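1. fold the stuff below for me.
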Amino acid sequence: MFRFLSLIFFLLFTPSLIFAQSTAVQATREYRSQHAHSILETHFELIRIPNVACDLPNIRRNAGAIMTEFEKRGANMELLTLPDQPEVPPVIYGEINTPGADRTLIIYVHYDGQPADPVNWTHSPWEPTLYSASMEDGGEPIEFPKVDEPINPDWRIYGRSASDDKAPFAAILATLDALQQNDLELTSNLKFFFDGEEERGSPHVRQILQQYKEMLDGDLWLFFDGPMHQSGRPQVVFGVRGVTGMEVTVYGPSRPLHSGHYGGWSPVPGQMLANLLASMKNETGEILIEDFNESTAPITEADRQAFATLPDVDDEIREDLGLTWTEHEGRSLIESYMYPTLTIRGFSSGNTGELARNVIPTTATASLGIRLAKGNQPGEMKDKLEAHIREQGYHIVREDPDMETRLKHRKIAKVTRGIGYPAMRTSVDNAMTQQIVDAIKQATSDDLILYPTMGGTLPIYHFEQIMQKPIVIVPIANHDNNQHAPDENIRIGNIWYGMDIYSSIFTME
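-> Residues are numbered from 1 along each chain as shown. I've put the predicted structure just below:
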């Protein structure tokens, strides 16, 4: 009776949009309070199946288990494969069609995980272990509770892929159950795209998208992956950086020389390379390579409004890292994500410490990383970097130079170009993505963070280029989940949070 009266109250006194979404979230929470144990049991069973992408038999076991669970909820499921490449992990595809719906959401989750060496784990990575709190906060292993015992949302589940990225499966399945049990209809057609080799960089996803493009058509892609903000507040991410890079080797004498006999006369590769690198970027962080920033998409007013939703933690981060200054003084960390970067990832020439010798080495090598902003193309950025190297008087080669080449050119640099892919960014004010933002706001009392782009890189550009539809990332995992590392974990309350926002998204008007 109480539940009936509550629904009547919402119907009479609440606008229809808020009624539909609040009812869905309320119903999901009530369902969760009654079925929390079975929700976690389903998650435990999925974690128990090893899911390293190169382990094809177990990858197929994962695929079968996931398909079975979604078929129980009325989804039509199948495997998307490349017939001429049977060794490629399949993409799990599914559909739940809603009569009368004029919007189709495509939900991306990946079901593979990082390799796990049991030696480095406190418990077996494939046997989920329940803890009373995080290990770092002094949590202890606890028994799985009985059905009549309460479940604390701060408990942690430890196991490989407990968070990255099997947690969304637990939340999606439970959300569908909650809505179906309460006769709450979806307002969108749902399509599911579950990747089986994301942790390997999704090397075949482009072929899958091309081959099944018509089947995968929809209005908006939702990537259910990644952690929430470090502050614990919910966030929506609209893009990711791209990435590329190269290694540069410069050459001195053809054999190591005694620095006493030849120092002050022979060119020293380490000094040559240091000068070359210094010509690329100054002390304040300004990149000096011509037109390096020319193709970068401008920051919009909507982007700046999104910046304002983020907590200002730059000073805290500097203090935590022991930094008294950062590049581009006055530019916030989030704003720096909107520009390309040039980073020396590594530098080697000769030896240091006890292995140092009184010699002039023959070579010096630097590994350079380039993070790409929206608009930057990997090939073009590497071309600009190579043009700068030539302007400094270097002859570029692709292999170690022979003696004829050495004697012909004053300065030689071997450039080994790395692979890479461009950034992806959906406009913060895109109409479709704003529907998702509004739905999440209806489901949470915390202020929502809008992230125009994250600092890391994911191969999402394939989806943007081929499907040409807006994309947003909706993370649910706790930020301290040890993603990719030993003792990966998920806070149970973050699965509950996922259920809340998924129910709101699945029933939004």
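2. mind listing what residue 91 touches?
-> Residue 91 is in contact with 79-81, 193-196, 205, 208, counting by CB atoms under 8 Å, 6 or more residues apart in numbering. All C-beta atoms are positioned from the backbone trio N, CA, C, and that covers glycine.
3. if any of these are buried, give me the ChimeraX selection for them.
-> Per 16 or more other CB atoms under 10 Å, the buried members of these correspond to this ChimeraX selection:
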select :80,81,193,194,195,196,205,208
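4. out of the contacts of residue 91, which are inside helices?
-> 205, 208 (DSSP state H).
5. need the contacts of residue 91 in JSON lines (columns: distance to residue 361 and pLDDT).
-> JSON lines is the format used below for the contacts of residue 91 (distance: CB to CB, whole Å; pLDDT from 0 to 100):
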{"residue": "79", "distance to residue 361": "53", "pLDDT": "98"}
{"residue": "80", "distance to residue 361": "51", "pLDDT": "98"}
{"residue": "81", "distance to residue 361": "50", "pLDDT": "97"}
{"residue": "193", "distance to residue 361": "50", "pLDDT": "98"}
{"residue": "194", "distance to residue 361": "50", "pLDDT": "98"}
{"residue": "195", "distance to residue 361": "44", "pLDDT": "97"}
{"residue": "196", "distance to residue 361": "45", "pLDDT": "97"}
{"residue": "205", "distance to residue 361": "42", "pLDDT": "97"}
{"residue": "208", "distance to residue 361": "47", "pLDDT": "98"}
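6. turn the contacts of residue 91 into JSON lines, including distance to residue 139.
-> Formatted as JSON lines, the contacts of residue 91 follow (distance: CB to CB, whole Å):
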{"residue": "79", "distance to residue 139": "38"}
{"residue": "80", "distance to residue 139": "40"}
{"residue": "81", "distance to residue 139": "41"}
{"residue": "193", "distance to residue 139": "35"}
{"residue": "194", "distance to residue 139": "30"}
{"residue": "195", "distance to residue 139": "31"}
{"residue": "196", "distance to residue 139": "32"}
{"residue": "205", "distance to residue 139": "37"}
{"residue": "208", "distance to residue 139": "40"}
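7. closest one to residue 131 out of the contacts of residue 91, please.
-> When these are compared for distance to residue 131 (CB to CB), residue 194 wins out at 27.5 Å.
8. surely the closest one meets residue 66?
-> Yes: Residue 194 is within contact range of residue 66, at 6.4 Å (criterion: CB atoms under 8 Å).
9. and for these two, which residues touch both?
-> 92, 111.
10. check which element follows the lowest-mean-pLDDT helix or strand in the chain along the chain.
-> Lowest by mean pLDDT, DSSP states H and E among the helices and strands of the chain is helix 2-13, with a mean of 40. On the C-terminal side of helix 2-13, the closest following helix or strand by DSSP states H and E is helix 16-47.
11. averaged pLDDT, that next one. What do you get?
-> On average, the pLDDT along helix 16-47 is 87.
12. which residues sit against the helix or strand that comes right after that helix?
-> Note on helix 16-47: by DSSP H and E, the next helix or strand toward the C-terminus is helix 56-72. Here helix 56-72 makes contact (CB under 8 Å, 6+ apart) with 42, 45-46, 49-53, 77, 79, 87, 89-90, 92, 94, 111-112, 169, 173, 192, 194, 196.
13. just the buried ones among the residues you listed, please.
-> Buried members of these, scored by 16+ other CB under 10 Å, are 42, 46, 49-53, 77, 89-90, 92, 94, 111-112, 169, 173, 192, 194, 196.
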